[in-house]
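Asks: From the sequence below, what's the structure:
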Amino acid sequence: MVSIQVSSYTLDTLQIYFAWDDDLYTYLKERGFGQSGFRRKTLPIIYSDNCESTTGVVERRRKYVIPPNYFGKTFEELGWKPTDKETEPIIPSEKPKLTISLIDGNILKFRIKPQVNGKEQYHLEYSTMAAFGRLYTNWAILVLSINDFKDLISRLQEILSIPDTDFIDVPIYEEAKQAQREEMFFVKVPIASYKFSLGEFLYAKDFLYMNGFSGKIPSLIFKNEPPYLEKMEPILKVGFVHTTEEQGFEVRKPQIALKVAQDKITTSLRGKPTKVKGIITLEEADENYFRVPARTFVRSSRTLIKRYLS
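Replies: Numbers count the residues shown, from 1 in each chain. This next block holds a predicted model:
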């Protein structure tokens, strides 16, 4: 396998909703998580906000934050400022990295790097909708600035020798605004495989063990193969978003969201209707990435650029 690094960018936002996978919760609960009087019984959400990039401030007050004592830290250690509410600290801008590599000339690997310069670049949140999340479609969300996205596509066009004249106008879909979701116009890109693991997020890892879990933390895996496709049919939504006050959101610059989405409904281990986020696998190493066909990604993304970013 030949891998060439294309580029690396600082994410505007990272959200991974591990708490919405019903089978992952069942697996961890059966191995002690949240049992025997332990304090926290719900899985954490991974959330980062590069507020310097998105809103021009170096820190901001967050909501729904899991306090650091639940994973063995203090506010002072993390550089957070406590407020009148334990779950609403002021958190400095968080800057996880996204590294993109081209594998064997035809597959793009998007690799999340949650630690930068030895520091965790995210915080843990609790879901106010965990009971309903198993039926939510979008569950791993990476947001890039417009400039970084256009730079990525330009680099890929050059590496893959795709000229501007090689243009295919693919369908653009609309994701309607909801209470906690902005309107998005997106193209669909097939996913070749992915892997998401709570174990790579050290705060989350400590959170699980401090709240009763014992054993190896599993990963959520997808491969474009029959055993996986029986349970799930994920796609990558590459979308243009622009939040405004008129929509009921905070004003931000236009951005590009990469959303790992899974809409197929099956039945969870507990017999509940669910949208499986990944097949539970014990596999080294703990990593968080997804892979997509390179040329399909570029050609589909150029449709967005032509429509919204030209």
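
Asks: from what I can see residue 185 touches residue 176, true?
Replies: No. Contact between residue 185 and residue 176 fails when scored by C-beta atoms under 8 Å: they sit 10.6 Å apart. For glycine as for every other residue, the C-beta is placed from the backbone atoms N, C-alpha and C.

Asks: Between these two, which has more neighbouring residues?
Replies: Higher neighbour count among residue 185 and residue 176: residue 185, with 16 against 8, using other C-beta atoms under 10 Å.

Asks: what's the weakest-modelled helix or strand in the chain?
Replies: Ranking every helix and strand in the chain by mean pLDDT, DSSP states H and E puts helix 130-133 at the bottom, with a mean of 65.

Asks: Name the strands paired with whichever helix or strand comes after that helix and say parallel or antiparallel.
Replies: Once the chain leaves helix 130-133, the next helix or strand it forms, by DSSP states H and E, is strand 138-145. Strand 138-145 sits in its sheet next to strand 13-16 (antiparallel), strand 255-261 (antiparallel), going by DSSP bridges.

Asks: ok now the first one, how far from the chain's centre?
Replies: Just to be clear, that refers to strand 13-16. 4 Å (C-alpha atoms, centre = their mean, to the nearest Å).

Asks: what does stretch 271-290 give?
Replies: For stretch 271-290, the distance to the chain centre is 13 Å (C-alpha atoms, centre = their mean).

Asks: Give the buried residues for it.
Replies: 274-280, 286-290 (16 or more other C-beta atoms under 10 Å).

Asks: what distance separates the start and the end of it?
Replies: Taking C-alpha to C-alpha, to the nearest Å, the first and last residues of stretch 271-290 lie 28 Å apart.

Asks: residue ranges of the strands in the stretch 101-250 of the chain, please?
Replies: For the stretch 101-250 of the chain, the strands defined by DSSP state E, counting those that start in this stretch occupy 107-113, 115-116, 119-120, 123-125, 138-145, 173-175, 184-190, 193-197, 219-223, 235-241.

Asks: So which of the ones you listed is nearest residue 94?
Replies: strand 123-125 (7.0 Å; C-beta to C-beta).

Asks: how many other residues sit next to the nearest residue to residue 141 once chain neighbours are set aside?
Replies: Counting by C-beta to C-beta, 6 or more residues apart in numbering, the nearest residue to residue 141 once its immediate chain neighbours are dropped is residue 15, at 4.3 Å. Residue 15: 19 surrounding residues under other C-beta under 10 Å.

Asks: With residue 139 as the reference, measure out to residue 15.
Replies: 9 Å (C-beta to C-beta, to the nearest Å).

Asks: what's the answer for residue 206, then?
Replies: For residue 206, the distance to residue 139 - C-beta to C-beta - is 23 Å.

Asks: Tell me which of these two has more neighbours.
Replies: Of the pair residue 206 and residue 139, residue 139 is the one with more neighbours under other C-beta under 10 Å, namely 25 against 16.

Asks: do you know how far the nearest residue to the more buried one once chain neighbours are set aside is from residue 210?
Replies: Nearest non-adjacent residue to residue 139, counting by C-beta to C-beta, 6+ apart: residue 17, 4.6 Å away. Here residue 17 is placed at a distance of 21 Å from residue 210 (C-beta to C-beta).

Asks: Counting neighbours, go ahead and name the busier of the two.
Replies: Taking other C-beta under 10 Å, residue 17 and residue 210 do not tie; residue 17 has more neighbours (23 against 15).

Asks: The more buried one is in contact with residue 140, isn't it?
Replies: Yes. Using C-beta under 8 Å, residue 17 makes contact with residue 140 at a distance of 7.3 Å.

Asks: quick one: common contacting residues for these two?
Replies: Residues touching both residue 17 and residue 140 by C-beta atoms under 8 Å, 6 or more residues apart in numbering: residue 277.
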